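In: Please work out how this folds:
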Amino acid sequence: MSKIAVFDFFCGCGGTSAGFRSAGLDIAFALDVDKDAANTYRHNFPDTYFHEGDIRDLKKDKLEEQLTRFSNHLTLFCACAPCQPYSKQRTEKKFKDERLGLLELFIPLIKKYQPDFVFIENVPGLHKGRDGLDPLGKLTKVLKKYGYKMDSGVVAAQDYGAPQLRRRFVLLASRHGQINIPAATHGIDSDNPFKTVRDAIDDLPAIAAGETYKGISLKNHRAAALSELNLKRIKASSPDGGGRYEWHKSLWPACYTRTNDKGDVHSGHTDCYGRLWWDKPAPGLTTRCISYSNGRFGHPEQNRAISVREAARLQGFSDDFEFNGTLNSMAKQIGNAVPVDLALAMGRQFIQHIEGINGKV
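Out: Numbering: from 1, shown residues only. Next up is the predicted model:
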């Protein structure tokens, strides 16, 4: 029982699974309701049983088939439910979102199957609850009842080698003694500096806005088209971090020329229409991470937004990980994914934990 079989609920396109697989874990089962993410996942994890559908419709025999198939493994259940309902970006106080309760639907599986390990990843706001729901509190209560030891907190993906600034809430739980969040591996006070945009994408071939790289050895290196106005805007932005504050006001979007009662100009989101810096980590990727107007997603020097492949690299996906769907769908899959480098670090921590159980460390 020295191997771990991963059961990845709300898997999306496979960021958690990719990191865990790289750490040496076996990916036994995955579930997601999004069709394009499902196609991407199946393509990249052909040996994993995939359930495309709602967790509420999951037939227990399908899950139990995989538990039996991997009966010589320890089991790890992970749930990285859609994070938007708990994000600080969501400001509509009366907005009701059925995704708020998804993590609670994971709890009965913990009770019934009592996996050896549990992993949760989400936005930092998860631990605060929302709209009267506290799924994390309910989950931790169940974990304690069934004898799990756990550690949880907010971590930064860049501290584990991701070339982007992204704070996430993680929880690790074990039925085999105390397990802790791993120590950071990268940073200012570390032997390993933060990875940068240059580290991640500098070697990729140049392409124009709206162009797809034709080489067969590199998939998904495709950039969104730009309007004539946005092309003027990015050309007016200096390389390596330039943005809209450099433009002549004739190029400003109307929303940034509004003034309030005091005559102050609306500042808007400061990163919108910005270029990435070469020698810094990228800002956190969103579901619109290939859109020039929706964040600091302009290429550091080429006159376009970053491509799907560049976004994938910033999220930690290897070049052999191929995405399916429309351009917008691929961006959504990447933006929603768990950073692969973060998942890799957590997967290695579970491996080290097993070695401690077996007396190897």
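
In: can I assume residue 219 sits in a strand?
Out: No: Residue 219 sits outside any strand when classified using DSSP: H, G, I helix; E, B strand; the rest coil, being coil.

In: any idea how far residue 337 is from it?
Out: Separation of residue 219 from residue 337 (CB to CB, to the nearest Å): 16 Å. No exception for glycine: its C-beta is placed from N, CA and C like everyone else's.

In: Can you pick out the residue with more neighbours from these two?
Out: Applying other CB atoms under 10 Å to residue 219 and residue 337 shows that residue 337 carries more neighbours, namely 27 against 17.

In: show me what contacts the residue nearest to that one when sequence neighbours are not counted?
Out: Leaving aside its sequence neighbours, residue 337 sits nearest to residue 15 (CB to CB, 6 or more residues apart in numbering; 3.2 Å). Residue 15 makes contacts with 80, 315, 316, 317, 337, 338, 339, 340, 343, as judged by CB atoms under 8 Å, 6 or more residues apart in numbering.

In: 6 Å - rerun?
Out: By CB atoms under 6 Å, 6 or more residues apart in numbering, the residues touching residue 15 are 337, 338, 340.

In: same check, this time on residue 17
Out: 8, 11, 27.

In: what's the helix or strand for residue 150?
Out: strand 149-156 (DSSP states H and E).

In: let me redo that: residue 19
Out: According to DSSP H and E, residue 19 maps onto helix 15-23.

In: buried stuff in that helix?
Out: Buried positions in helix 15-23, judged by neighbour count with 16 or more other CB atoms under 10 Å: 15, 16, 17, 18, 19, 20, 21, 22, 23.

In: Report all helices and strands that the strand holding residue 150 contacts.
Out: strand 167-174 (3 or more CB pairs under 6 Å, 6 or more residues apart in numbering; DSSP states H and E).

In: what angle sits between the strand it packs on and strand 149-156?
Out: Put simply, strand 167-174 runs at 160 degrees to strand 149-156, going by axes from the mean of the first three to the mean of the last three CA atoms, to 10 degrees.

In: Quick check: what element follows strand 167-174 along the chain?
Out: helix 197-201.

In: And that following helix, what does it pack against?
Out: helix 308-314.

In: Let me know the average pLDDT across the helix or strand following the helix it packs on.
Out: Once the chain leaves helix 308-314, the next helix or strand it forms, by DSSP H and E, is helix 327-336. For helix 327-336, mean pLDDT is 97.

In: buried ones in helix 327-336?
Out: 327, 329, 330, 331, 332, 333, 334, 335, 336.

In: Roughly how far does residue 297 sit from residue 236?
Out: As for residue 297, its distance to residue 236 is 17 Å (criterion: CB to CB).

In: who's more crowded, the two?
Out: residue 297 (29 against 16).

In: ok, the closest residue to the more buried one other than its chain neighbours - contacts?
Out: Distances taken as CB to CB, 6+ apart place residue 305 nearest to residue 297, at 5.0 Å, with adjacent residues excluded. Contacts for residue 305 were tallied using CB under 6 Å, 6+ apart; they are 224, 290, 292, 297, 298.

In: and which of these is nearest to residue 274?
Out: Using CB to CB, residue 298 is the member of those that lies nearest residue 274, at 6.0 Å.

In: Could you tell me how far the closest one is located from residue 19?
Out: Residue 298 is 27 Å from residue 19, by CB to CB.

In: Fine by me, we can end here.
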